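>>> need a 3D model of the sequence below.
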Amino acid sequence: MKSRLFPKSERGTADHGWLQANFSFSFGNYYNPDVVQFGMLRVLNDDTIAAGMGFGTHPHDNMEIITIPMEGGLTHRDSMGNQETVRFGEVQVMSAGTGIQHSEMNASHTERAKTLQIWIFPEMQDVKPRYDQKAFDLKSNKNKFVTVVSPYNKQEDEALWIYQQAYLNLGVFDEGVKTQYKLQIPENGVYLFLIEGKLEINGEEINERDAFGIVEFDTVAVEVKAPSKILTIEVPMKFNQ
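Next up is the predicted model:
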């Protein structure tokens, strides 16, 4: 097993007034050649969006885009005619494919919104664009990982899907729990992002908003040192065509 800690303090940042952004990987005006991507995971942005503000209409193509609200909600509109609000407890997926235009605005005019946005390179180019979202009951599934996104050709019954051999899991864990993450696909890697809490993995301490990248393994043990919310992103480490 090979692993690397990605401390919260080493992330890129941007202050646009209405948007406070943190970049796990090079994005926009932030460029760090040491953290351009993790395998097929290209973007993990941790954003705080002011009340009534958001991302106006803009284009994407050939990218799998996943949005996970941490606080509040976002109103989504796109060129396919979708208009939905995604809130805490829900997950949104969008396959940009041949091209899509969309906007994501804070659904509240009085409260901030906090979101994680994830971009994953697809394994197929120029697919028909698509949009979906779903609510997941993490509290009723406490102390285990809940699969929220799976591959299009290996769909989990309750999960959303994307055009890549990738799995995303969310979990809410109590202090003192010892659990493990087992790879779904050999030769994939896992980028674990600690939303809140404290963990120990492979002798390393992981704190809130730190990330931990793991490759060349089958199963990894996770010890929960404080009440924690965990996101795992399992992705191929090279393109599958």
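>>> for Ser9, helix, strand, or coil?
With DSSP: H, G, I helix; E, B strand; the rest coil as the basis, Ser9 sits in helix.
>>> next one: it, what pLDDT does it get?
Per-residue pLDDT puts Ser9 at 96.
>>> any idea how far it is from Gly99?
Distance, Ser9 to Gly99, using Cβ to Cβ, to the nearest Å: 37 Å. Just so you know, the C-beta spots here come from the backbone N, C-alpha and C atoms, and that holds for glycine as well.
>>> of the two, who's got more company?
Looking at Ser9 and Gly99 with other Cβ atoms under 10 Å, you find the greater number of neighbours at Gly99, namely 12 against 8.
>>> which residues are in contact with that one?
For Gly99, the contact set (Cβ atoms under 8 Å, 6 or more residues apart in numbering) comprises 59-61, 129.
>>> mind listing what's buried along stretch 229-241?
Across stretch 229-241, burial judged by 16 or more other Cβ atoms under 10 Å covers 229-236.
>>> out of those, who's nearest Val36?
Taking Cβ to Cβ as the measure, Val235 is the one of those closest to Val36, at 14.0 Å.
>>> which SSE is that closest one in?
Element membership for Val235, per DSSP states H and E: strand 219-236.
>>> helices or strands next to that strand in the packing?
On a contact count with 3 or more Cβ pairs under 8 Å, 6 or more residues apart in numbering; DSSP states H and E, strand 219-236 meets strand 41-49, strand 113-120, strand 167-173, strand 178-182, strand 188-201.
>>> so what strands line up beside it?
strand 167-173 (antiparallel), strand 178-182 (antiparallel), strand 188-201 (antiparallel) (DSSP bridges).
>>> quick test: name the residue nearest the centre of the protein.
The chain has Ile118 as the residue nearest its centroid, 4.3 Å off, counting by Cα atoms, centre = their mean.
>>> ok, for that residue, nearest residue in space, not its chain neighbours?
Ile66 (4.3 Å; Cβ to Cβ, 6 or more residues apart in numbering).
>>> so what sits opposite that neighbour in the bridge?
Ile66 has these beta-bridge partners by DSSP bridges: Val93, Ile118.
>>> and the gap between Ala166 and Glu196?
Ala166 is 23 Å from Glu196, by Cβ to Cβ.
>>> so which of those two has more stuff around it?
Neighbours per residue, other Cβ under 10 Å: of Ala166 and Glu196, the larger number sits with Ala166, 28 against 14.
>>> where's the residue of the chain positioned farthest from its centre, which helix or strand?
Distance from the C-alpha centroid of the chain, by Cα atoms, centre = their mean, peaks at Thr110 (25.7 Å). If you go by DSSP H and E, Thr110 is not part of any helix or strand.
>>> so it touches Met53, yeah?
No: Thr110 lies out of contact with Met53 (Cβ atoms under 8 Å); the separation is 12.0 Å.
>>> any stretches of this protein with poor pLDDT?
239-241 (pLDDT under 70).
>>> swap the cut-off to 80 and go again
In the predicted model, the chain carries pLDDT under 80 at residues 157, 239-241.
>>> can you redo the helices and strands packed on strand 219-236 as CSV with distance to Asn207?
CSV is the format used below for the helices and strands packed on strand 219-236 (distance: least, Cβ to Cβ, whole Å):
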stretch, distance to Asn207
strand 41-49, 14
strand 113-120, 17
strand 167-173, 15
strand 178-182, 18
strand 188-201, 6
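>>> for Glu71, find the nearest of those.
With Cβ to Cβ as the criterion, Glu71 lies closest to strand 113-120 of the helices and strands packed on strand 219-236, at 4.0 Å.
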